[in-house]
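>>> starting from these lines, generate the structure:
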Amino acid sequence: RWLRRYIGMAHAEEIVGLNLPTGARVSRLERVRLADDIPMALELSALPLDVVPQPDAVGDSLYAHLKAQGQEPVRALQHLRATNATPRQAEVLAIPPGEALLFITRYGYAADARPIEMTHTWCRSDYYDFVVELRR
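As a prediction, the model looks like this:
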């Protein structure tokens, strides 16, 4: 469920992570991911305006929209860590403030290696379980 879709000034982290000039604007997409009407994750994406010039045009799937525009990421880098829910995150996710969350930052890259997506996702710890297999 979309919470907000709008254009705003890029924050310092976005300027660095998306390789944008100072003063650049980005499309912001904020949504809550649901499963059987239960809030599972809060997600905030920032994308350069030349990638998503009209944030309201993004339908149910950001990646389907990017693919239709010829801007689909071909590679992503994710960083996972633990954090605690702020009062706003707790309200959106229907959990107590301070509850443990899994915080994921993802950078998506185009075929030319240009960063075109930065997404922060806060996942409820009572519904998410991640398994990683490592091989030698």
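>>> was I right to think residue 118 contacts residue 16?
No: counting by C-beta atoms under 8 Å, residue 118 does not reach residue 16; the two are 9.6 Å apart. From N, CA and C alone the C-beta is placed, and that goes for glycine too.
>>> residue closest to the middle of this protein?
Taking C-alpha atoms, centre = their mean, the centroid of the chain lies closest to residue 119, which sits 2.4 Å from it.
>>> pLDDT score for that one?
Model confidence at residue 119, expressed as pLDDT, equals 97.
>>> with residue 1 instead?
In the predicted model, residue 1 carries a pLDDT score of 94.
>>> burial of it, as a residue count?
With neighbours defined by other C-beta atoms under 10 Å, the count for residue 1 comes to 10.
>>> quick one: it and residue 35 touch, right?
No: at 11.6 Å, residue 1 and residue 35 do not qualify as touching, with contact defined as C-beta under 8 Å.
>>> how about the strands in the protein?
Here the chain has its strands, by DSSP state E, at 2-9, 25-35, 38-48, 75-84, 100-109, 115-124.
>>> just send those strands back as a markdown table, with distance to residue 63 too.
Compiled in a markdown table, the strands of the chain are given as follows (distance: least, C-beta to C-beta, whole Å):
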| stretch | distance to residue 63 |
| --- | --- |
| strand 2-9 | 15 |
| strand 25-35 | 12 |
| strand 38-48 | 10 |
| strand 75-84 | 10 |
| strand 100-109 | 9 |
| strand 115-124 | 9 |
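>>> so which of these is nearest residue 134?
If you check each of the strands of the chain against residue 134 by C-beta to C-beta, strand 75-84 wins as the nearest, at 14.5 Å.
>>> please save the CA atoms from that closest one in CSV.
Taking C-alpha atoms only, strand 75-84 is exported to CSV below (Å, rounded to 0.1, in the frame of the first residue of the first chain):
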residue,chain,number,x,y,z
ARG,A,75,22.5,-5.9,-10.0
ALA,A,76,21.9,-5.0,-6.4
LEU,A,77,23.9,-4.6,-3.3
GLN,A,78,22.1,-5.1,0.0
HIS,A,79,23.3,-4.3,3.6
LEU,A,80,21.3,-5.9,6.4
ARG,A,81,21.5,-4.9,10.1
ALA,A,82,19.3,-4.8,13.2
THR,A,83,17.6,-1.6,14.4
ASN,A,84,14.8,-0.6,16.7
